[in-house]
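1. okay, structure incoming, though there's no sequence with it:
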Ligand code: ZN
């Protein structure tokens with residue numbers, strides 16, 4: 001469970017509901033175009049490759065590597081100040097897509113570009129679990 005209920009919690013909408021449903025079940029799901037098969041993230045109505053609006057979601061491997069990162073010391077939005085310093089990572093998933101998240105259980109000075117990571121999930125409440133990442137040993 002979250003240690004700070006004041007942080008803003010994502011709200012599922014028509015386009016991303018299946019992504020958040022996957023997270024709730026601790027599965028990382030990616031949107032896939034039913035016309036051309038292209039994967040995309042974050043979820044959105046139209047395929048950037050072929051403009052089709054017909055899509056589905058597929059379970060992703062949940063694995064990838066650190067593409068980029070920063071360590072936030074502040075000032076931050078007030079709800080996040082108590083968490084600083086904290087990392088923000090851009091993970092390149094094995095499927096080739098990028099996702100912005102946090103790396104857990106890893107001191108800032110041990111984060112490396114290219115580090116192998118896998119998805120883990122932080123349950124905020126009954127509906128929303130956040131996808132986070134941890135390094136692969
Ligand atoms: Zn497409």
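-> Looks like it arrived, so ask away. In this text the structure is predicted, and so the values were computed from the model without any measurement. Numbers count the residues shown, from 1 in each chain.

2. the host helix or strand of residue 67 pairs with which strands, and in what direction?
-> Here residue 67, judged by DSSP states H and E, is contained in strand 63-72. According to DSSP bridges, strand 63-72 forms sheet pairs with strand 86-93 (antiparallel), strand 116-123 (antiparallel).

3. just after the last one, pick out the following helix or strand.
-> Looking back up the chat, that one is strand 116-123. strand 129-135.

4. quick one: average confidence on that following strand?
-> Averaged across strand 129-135, pLDDT comes to 98.

5. same for that strand, what does it pack against?
-> For strand 129-135, the packing partners by 3 or more Cβ pairs under 8 Å, 6 or more residues apart in numbering; DSSP states H and E come out as helix 17-24, strand 98-101, strand 116-123. Where you see a C-beta, it was placed from the backbone N, CA and C, and this is true even at glycine.

6. leaving out chain neighbours, which residue sits closest to residue 43?
-> Spatial nearest neighbour of residue 43, excluding adjacent residues (Cβ to Cβ, 6 or more residues apart in numbering): residue 16 at 4.2 Å.

7. look up phi and psi at the one you found.
-> phi -110, psi 0 (degrees, to the nearest 10).

8. related to what we said a few turns ago, report the buried residues of the strand holding residue 67.
-> 63-66, 69, 72 (16 or more other Cβ atoms under 10 Å).

9. partner strands of the one helix or strand residue 32 maps to, with direction?
-> Taking DSSP H and E as the criterion, residue 32 maps to strand 29-33. Here strand 29-33 is paired, per DSSP bridges, with strand 39-40 (antiparallel), strand 55-59 (antiparallel).
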